[in-house]
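# Give me a 3D structure for the following:
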Amino acid sequence: DVAEKKSDEEWKTVLSPEAYNVLVKRGTERAGSSPLDKLYAPGTYSCAACDSPLFSSETKFNSGTGWPSFFDPLPGQVDLTLQLMYCLGDFGAREVRCHNCGGHLGHMFT
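Reported below is the predicted structural model:
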């Protein structure tokens, strides 16, 4: 359960169509298209939907995937959910979601 609940229609009024597709509908932006991928300035990365702080720039790294990558979220700020369709033997993925609004942030592969 999330603290900041909005209907699909409410999210559509505050998010761009691209952000709505990723954050609400759990879509994927094209690799290399995010301006945050190559940004390494000091600071805090926040949720594009609700502005909750999620990651410190100190945990950002270049994964070579074309998407912004972090090795550790700020405590209590993200939730990880098991993605069964991505589990193959020892390889698996967890969806990373904003704890405050449930916005889809991407996947963590193990």
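
# Flag the shaky bits of this protein, pLDDT-wise.
83-92, 110 (pLDDT under 70).

# For it, just list every one of the strands.
44-46, 53-56, 60-61, 69-70, 78-82, 93-98, 104-109 (DSSP state E).

# Mind checking those for the one nearest to residue 21?
Between residue 21 and these, the tightest spacing by C-beta to C-beta is seen for strand 104-109, at 9.4 Å. In short, each C-beta sits where N, CA and C put it, glycine included.

# ok, the closest one: who's next to it in the sheet?
strand 93-98 (antiparallel) (DSSP bridges).

# now the strand it pairs with, how far from the chain's geometric center?
For strand 93-98, the gap between its own C-alpha mean and the chain's C-alpha mean amounts to 7 Å (C-alpha atoms, centre = their mean, to the nearest Å).

# Now tabulate the strands of the chain in a markdown table and tack on distance to residue 30.
Shown next, in a markdown table, are these (distance: least, C-beta to C-beta, whole Å):
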| stretch | distance to residue 30 |
| --- | --- |
| strand 44-46 | 19 |
| strand 53-56 | 21 |
| strand 60-61 | 20 |
| strand 69-70 | 16 |
| strand 78-82 | 23 |
| strand 93-98 | 18 |
| strand 104-109 | 13 |
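
# That concludes my questions; thank you for your assistance.
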